[in-house]
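# Sequence and computational prediction follow.
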Amino acid sequence: MKYIQFNILFVLALITLPSTLAKLRVGFYRRSCPEAESIVQQAVQKRFAADKSVTAALLRMHFHDCFVRGCDASILIDSTDDNQAEKAAGPNLTVREYSLIDQIKSMLEAACPQTVSCADIVTLATRDAVSLAGGPKYNVLTGRHDGLVSSASEVNLPGPASTVSEARQAFSARGLTINDMVVLLGGHTLGVSHCSFFKDRLSNFQGTGVPDSTMDQELVTNLKGMCGSNPNIIWIRLHS
Ligand code: HEM
């Protein structure tokens, strides 16, 4: 378990390296905003005390941000009359905790105006939330710039109906191997899912009238029990 956790973080670190790698370093804000990392940490800690599922929410937000244009916080940009931003894309409608990032940004603007990027806030907050959930506390390179472009049409994340080879292709297009993908999917160890994303596999898979035969039958039974008669409820996979 520890090994898997370590690998997820290592691979997350890989996908989170933007093209401006040379400028990133641990402690980028040490002089310009010495309290930056502790402000983020305290805010995440407070939120975690109220709702432990914040770890899953941030982990997913970080992945959805990094997979599109790199880790540039483009997922946080709001849509305008002229532009449907990433936030408005289907997979991002169920991303949670946008308001926590907004709140941390406001706190950092009060402490050190126009210094700490939102891209670094998402990365640091995810690190802190993972650590609070029992994962390791790893060093985060900081100094990312926020992106200015955000378009819903660019959000081409693999979806719940993607085949393994489609998912592999999506990861490979970002320089990630099958091993990286398997390790990163370990991120699903915690968090929530809407039953609607997989209910078709539990009873009438592809019109066959029976569950997906490739699924573990005990899992099928458990999922059916958790989803009950309402296919749209949210169920908690694991609270760490
Ligand atoms: C093939 C790639 C992936 C697919 C198809 C996928 C799909 C999904 C789906 C359908 C959900 C449920 C969302 C909901 O019902 O609100 C979900 C949740 C989640 N995903 Fe993924 N995911 C993928 C990759 C990843 C990766 C790489 C990570 C992290 C490194 C990740 C982390 C999470 C987490 C933590 C949740 C729970 C979010 C929450 O509790 O709000 N996913 N994913």
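That came through, no problem. These numbers come from a predicted model, not from an experiment. Numbers count the residues shown, from 1 in each chain.

# quick one, what contacts the residue nearest the centre of the chain?
In the chain, the centroid-proximal residue (Cα atoms, centre = their mean) is Arg60; its distance is 1.7 Å. Contacts here follow Cβ atoms under 8 Å, 6 or more residues apart in numbering; on that basis Arg60 touches 95-96, 187, 191. Bear in mind the C-beta positions are built from the backbone N, C-alpha and C, glycine included.

# Which helix or strand contains it?
Using DSSP states H and E, Arg60 maps to helix 54-66.

# Enumerate the residues of the protein near the ligand.
Counting by Cβ under 6 Å from any ligand atom, the residues of the chain lying close to the ligand are 53, 56-57, 59-60, 63, 94, 96, 158-160, 162, 167, 184-185, 187-188, 190-194, 197.

# how does it look with 8 Å?
Proximity of the chain to the ligand, by Cβ under 8 Å from any ligand atom, involves residues 8, 11-12, 53, 55-57, 59-60, 62-63, 67, 91, 94-96, 157-160, 162, 167, 170-171, 181, 184-188, 190-194, 196-198, 234, 237.

# Mind giving me the ChimeraX command for buried ones among the residues you listed?
ChimeraX command restricting these to the buried ones, with burial defined by 16 or more other Cβ atoms under 10 Å:
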select :8,11,12,53,55,56,57,59,60,62,63,67,91,95,96,157,158,167,170,171,181,184,187,190,191,192,193,198
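
# Among the residues of the chain next to the ligand, name the ones in helices.
Under the assignment DSSP state H, those contribute 8, 11-12, 55-57, 59-60, 62-63, 167, 170-171, 181, 184-185 to helices.

# Just flag the most distant two among those.
Farthest pair in these (Cβ to Cβ) is Thr55 and Ala170. Separation: 23.8 Å.

# So which residues of the protein form strands?
In the chain, the strands defined using DSSP state E lie at 25-26, 141-142, 191-194, 234-238.

# rewinding a little: what is the nearest of the contacts of Arg60 to Gly27?
Gly27 lies nearest to Gly187 out of the contacts of Arg60, by Cβ to Cβ, at 26.1 Å.

# so that closest one sits right up against His64, yeah?
No - between Gly187 and His64 there is no contact under Cβ atoms under 8 Å: 11.2 Å.

# Name the nearest residue to Val220, sequence neighbours excluded.
With Cβ to Cβ, 6 or more residues apart in numbering as the criterion, Val220 has its nearest non-adjacent residue at 4.7 Å, and that residue is Pro211.

# With Val130 instead?
Spatial nearest neighbour of Val130, excluding adjacent residues (Cβ to Cβ, 6+ apart): Thr55 at 6.1 Å.

# residues touching that neighbour, list them.
Thr55 neighbours (Cβ under 8 Å, 6+ apart): 48, 129-130, 132-133, 190, 240.

# I'd like those residues as JSON lines, with distance to Asn139 and pLDDT appended.
Shown next, in JSON lines, are the contacts of Thr55 (distance: Cβ to Cβ, whole Å; pLDDT from 0 to 100):
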{"residue": "Phe48", "distance to Asn139": "20", "pLDDT": "98"}
{"residue": "Ala129", "distance to Asn139": "16", "pLDDT": "97"}
{"residue": "Val130", "distance to Asn139": "13", "pLDDT": "96"}
{"residue": "Leu132", "distance to Asn139": "16", "pLDDT": "97"}
{"residue": "Ala133", "distance to Asn139": "18", "pLDDT": "95"}
{"residue": "Leu190", "distance to Asn139": "22", "pLDDT": "89"}
{"residue": "Ser240", "distance to Asn139": "22", "pLDDT": "42"}
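
# Leu184 versus the residue nearest to the centre of the chain, what's the distance?
The gap separating Arg60 from Leu184 is 11 Å, by Cβ to Cβ, to the nearest Å.
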